[in-house]
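# Turn this into a structure:
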Amino acid sequence: MLLSGPQSETVVPPRLYQRLAADLRANGVRVVADLAGERMEAVVEACVDLLKVGDEESAVPAARVGSSGSASRQFR
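As a prediction, this is how the structure comes out:
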């Protein structure tokens, strides 16, 4: 299941994303999220399977991300 951001910031609250991700995972569904800000933080708490992180949300500078995937190993 892919969870992505709403077009308007007022449509879906972050807590709903957290609950949805947690409920899906509890039922054996793999959850992928493409979110930012509070919504991203909410699904991280629910332990999504894969999280797409944008440059502005990343703790790893883009210059350190190589083709070998070294940055992804740092987050494991």
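# now the helices: where do they sit in this protein?
Assigned by DSSP state H, the helices in the chain fall at 14-26, 37-45, 70-74.
# Could I get the contacting residues of the most centrally placed residue in the chain?
Among the residues of the chain, the smallest C-alpha distance to the mean C-alpha position (C-alpha atoms, centre = their mean) belongs to Leu51, namely 3.5 Å. The contact partners of Leu51, taken as C-beta atoms under 8 Å, 6 or more residues apart in numbering, are Val32, Ala33, Leu35, Met40, Val43, Val44. For the C-beta atoms, the positions are set from N, CA and C on the backbone; glycine is no exception.
# Over to Gly37?
Counted by C-beta under 8 Å, 6+ apart, Gly37 has contacts Pro14, Glu57.
# State the distance from it to Arg25.
Distance check for Gly37 against Arg25: by C-beta to C-beta, to the nearest Å, it reads 21 Å.
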